[in-house]
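> Predicted structure and sequence below. I'll ask about it afterward.
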Amino acid sequence: MKISTVGYSTKQGVKNIFRNKLFSLASIATMAACIFVFGLFFSIVMNFNYMVKKAEQGVAITVFFEEGTPDDQINAVGEALKKEEGVHRVEYVTGEQAWEEFQKDYFKGSEEAAEGFADDNPLVNSNHYEVYMDDVSKQQDIVEHAQEMDGVSNVNKSDVVAKTLTKLNKLIWYVSIAIIVILLAVSVFLISNTVTMGVTVRREEIAIMKYIGAKDGFVRAPFVIEGLIIGILGAIIPLVLLYFMYNKAVAYIMERFSLLNNIIDFIPVSEVYHMLLPIGLVLGAGIGFLGSFITIRKHLRA
Amino acid sequence: MIEFKEVTKEYSKGIAALNGVNLKIEKGEFAFIVGDSGSGKSTLIRLLMKELDPTSGSIIVNGQNLNRLKHRKIPEYRRHLGVVFQDFRLLKDRNIYENIAFALRVTETSPRIIKQKVPAALSLVGLAQKYKAFPKELSGGEQQRVAIARAIVNEPAILLADEPTGNLDPTNSWEIMKLLEEANDRGTTVLVVTHNQEIVNEMKKRVITMKKGVIVSDEKKGGYNNEN
């Protein structure tokens, strides 16, 4: 297609939008609503995933050793654990460190009570590894592998948290996929309706174009450009809105629920938009392109 | 240039709009196709435009068998045809200049050539001064002249006119026929479907008369009596 033809088709595409003002506005508005809901959901999913990930990393498996296990055996277990799939980091805690932690947690304010133990550390034989994960779904596998390792006496795990988080994570993904599919279908249907309206209004013009030898691509181009513009506008508007709303919503939640500040941690808007902006734009342009392309193709065949 | 070989077109089983038509039109000819409503004249034009496919038989235009013309090649084929309709079929939301330029744009002619060809075509039909006017601001005769300018701007080898004077008064009808004749003088093959007895009889051109889907007469310098 020549540059002059591209220019002409773009001009006609823009004209189509103005000619069909009400329908175009309705399409842009609905598309914007769809992308807005998508963006909102995307931000929630991204943040939830982030929180789940952080929570997952806090879930540990504790691997204890039999009394008298030599250091090189303990080191070997540590190395093997690090190589396990889903492991984020492995920390070695000696009996002394464990006792210090215990004192901090349970004898705070009444340190004299702990002094009764003096040099007799009750946790002297509790050298262990704390295994932190980035994928809790692998927890059971790691526990089973660890139990089979030489020198390991006992493996503790937090089953309930891990399972709940994994289930919740999966549920969020299923719901998000379902919502995205529904939104896509609604948007394609809307764009298709707008283009059908445009085709109906311009039926005579299309017939004339074909009589005088216009190729299908030439007839199709203005409608496809119309769909693209509607799609892109329908994406830009909610993306801009969401950008400002996101920061406000985060600030509001942090202020209103200040007690949760330690638990809830939001991703900065720039990080969310690093993914949301291209996805939103491609989605808008894609829906606009596909919806109009399929519709005009159907009408040209008829 | 145009050849119909045993062409039959049935819209529904057993009812033939054209029935075994044989016709040959040479390059540079001017021919009228006359006949009552339902005689098959418009079907013949639509077949030539490759808007319809024959049920049987073959149509050859410029050595090309239309039966074998692939869908994607139809636009290219149509660029060698100029078509004029009874209802003008102009784009109402565009001015006269744009209407004619449109025919060049669809063939992806460069803007520079468009700027040269549109005024030239408008001059040929005597509407150079009205290039900014919109179709609704013109009379029926003027609108048909714009349609002719649009049909000839691509310099087609064949000009098909389907009842071009059907909506016009006698004076305008004659002006339109004069323009078609001028196009023919420049070497374009012209095929005119009409009911206009006076024009056909006056112009003394080839007249092909159709009745119930068959050619009943084909005269070199014929006439037409639509009361027969």
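Done, it's in.
> tell me the SS of the residue positioned nearest the centre of chain B?
When Cα atoms, centre = their mean is applied to chain B, the residue found nearest the centroid is B:L160 (1.5 Å). Here B:L160 is recorded as strand under DSSP: H, G, I helix; E, B strand; the rest coil.
> Tell me how many other residues crowd the nearest residue to A:N20 once chain neighbours are set aside.
Nearest residue to A:N20, sequence neighbours excluded (Cβ to Cβ, 6 or more residues apart in numbering or on different chains): A:G198, at 5.5 Å. Every residue, glycine included, has its C-beta placed from N, CA and C. The local packing of A:G198 (other Cβ atoms under 10 Å in any protein chain shown) involves 26 other residues.
> cool, B:A101 as well?
Neighbourhood size, B:A101 [other Cβ under 10 Å]: 23.
> and it, how far is that from chain A?
10 Å (Cβ to the nearest Cβ, to the nearest Å).
> which outside residues touch the host helix or strand of that residue?
Taking DSSP states H and E as the criterion, B:A101 maps to helix B:96-105. Here helix B:96-105 makes contact (Cβ atoms under 8 Å, 6 or more residues apart in numbering or on different chains) with A:5, A:8, A:208-209, A:212, B:90-91, B:94, B:113-114, B:117-118, B:121-122, B:127, B:130-135, B:138, B:146, B:149-151, B:153-154.
> tell me what the helix or strand hosting the residue nearest to A:N20 is packed against?
A:G198 is part of helix A:159-201, with elements assigned from DSSP H and E. Judged by 3 or more Cβ pairs under 8 Å, 6 or more residues apart in numbering or on different chains; DSSP states H and E, helix A:159-201 is in contact with helix A:3-19, helix A:21-58, helix A:216-256, helix A:269-301.
> Enumerate the residues of chain B near chain A.
Chain B comes close to chain A at residues B:49, B:72, B:75-79, B:81, B:83, B:89, B:91, B:93, B:102-103, B:105-108, B:110-111, B:150, B:154, as judged by Cβ under 8 Å from any Cβ of the partner chain.
> could you redo the last one with a cut-off of 7 Å?
Contacts of chain B with chain A, taken as Cβ under 7 Å from any Cβ of the partner chain, map to B:49, B:75-76, B:78-79, B:83, B:89, B:91, B:103, B:105-108, B:110-111.
> If any of the residues you listed are buried, give me the PyMOL selection for them.
Those of the residues of chain B next to chain A that count as buried under 16 or more other Cβ atoms under 10 Å in any protein chain shown are selected in PyMOL with:
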select buried, chain B and resi 49+75+78+79+83+89+91+103+105+106+107
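> Tell me where chain B has strands.
According to DSSP state E, chain B carries its strands in the segments B:2-12, B:15-25, B:30-35, B:56-61, B:64-65, B:81-85, B:158-162, B:189-194, B:206-211, B:214-219.
> pLDDT score for the spatially closest residue to A:I212 that is not a sequence neighbour?
Residue nearest to A:I212 in three dimensions, not counting chain neighbours: B:A103, with 4.8 Å by Cβ to Cβ, 6+ apart. Listed pLDDT for B:A103 reads 90.
> Repeat that for A:E148.
For A:E148, pLDDT reads 88.
> Distance of it relative to A:R89?
A:E148 sits 22 Å away from A:R89, going by Cβ to Cβ, to the nearest Å.
> Neighbour count: these two, which is higher?
Taking neighbours as other Cβ under 10 Å, A:E148 and A:R89 compare with A:R89 leading, 13 against 8.
> Just grab the bridge partners of that one for me.
As for beta bridges, A:R89 partners with A:Y132 under DSSP bridges.
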